[in-house]
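Student: Generate coordinates for the sequence data below:
(one chain, ligands or ions: 1)
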Amino acid sequence: MNFLEERIVKDGIVKPGNVLKVDSFLNHQMDIELLDEIGREFKRRFADKKITKVLTIEASGIAIAYPVARELGVPMVFAKKSKSINIEGEMYVAEVESFTHKKTNQVIVAKKFLSPEDHVLIIDDFLANGCALQGLISIAEAAGCTIEGLGIAVEKGFQIGGRVIRNLGYRLESLAIVESMNAETGEIVFRQQ
Ligand code: 5GP
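Tutor: Numbering: from 1, shown residues only. This is a model prediction of the structure:
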């Protein structure tokens, strides 16, 4: 088991409805040392890529993307969830259905922060059905960026997102892939990588 898998086993809580709670160390209370280690690990995994920007989605993606961007020495841009109606023009817009809240958000990135010269690394905390990543991919593509890869802290391998994104031909690196989890026993099984 790697450092993140060990922490998930220690402090992660399996909830009904295929939700893994990691709010004591990753997305409510945050373990800064762990996040720094995540940053170093993504830098190592994408060392062969020339990345100019890290792209993520608010809110919990920011905590993961920040140490990655700091390690790579590049800016980080996050897609904002927006309720505004008149945002076309200066913004790239994508529709993202939230896995945890079961509602659709428009997410936006100002056009001035992404350009065809950018080589982006897309980062998020969780991958379930892949809606968040697909929204970020469509924004990066609309901006003409080169997508160098996608990095996820926790992929739930029993949901379709990982397969969909890999089938699209993208390089997807997940630090922990949960193969199965049981809300009654709390057991979590990881995919061997
Ligand atoms: P997807 O768009 O891939 O269906 O879901 C990914 C998004 O939903 C992530 O940005 C993450 O915030 C949230 N998410 C999905 N599954 C889980 C989960 O099991 N636990 C937590 N904490 N967040 C999740």
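Student: Can you report the mean pLDDT over the residues of stretch 160-180?
Tutor: Rounded to a whole number, the mean pLDDT of stretch 160-180 is 98.
Student: Equivalent analysis for stretch 93-111, please.
Tutor: On average, stretch 93-111 scores 91.
Student: any residues touching that stretch, and which ones?
Tutor: 19, 55, 57, 77-84, 87, 90-92, 126, 128-129, 131-132, 134-136, 138-139, 143 (Cβ atoms under 8 Å, 6 or more residues apart in numbering). Glycine gets a C-beta too; all of them are placed from N, C-alpha and C.
Student: Next, the buried residues of it.
Tutor: Val93, Ala94, Val96, Phe99, Asn105, Gln106, Val107, Ile108, Val109 (16 or more other Cβ atoms under 10 Å).
Student: Residues of the chain that sit close to the ligand?
Tutor: By the rule Cβ under 6 Å from any ligand atom, the part of the chain lying against the ligand is 19-22, 27, 60-61, 99-100, 124-132, 156, 161.
Student: Restricted to buried residues, select those residues in PyMOL.
Tutor: PyMOL command restricting these to the buried ones, with burial defined by 16+ other Cβ under 10 Å:
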select buried, resi 19+20+22+27+60+61+99+124+125+126+127+128+129+130+131+132+156+161
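Student: Just the ones of the residues of the chain next to the ligand in helices?
Tutor: When the residues of the chain next to the ligand are checked against helices (DSSP state H), the matches are Ser60, Gly61, Cys131, Ala132, Gly161.
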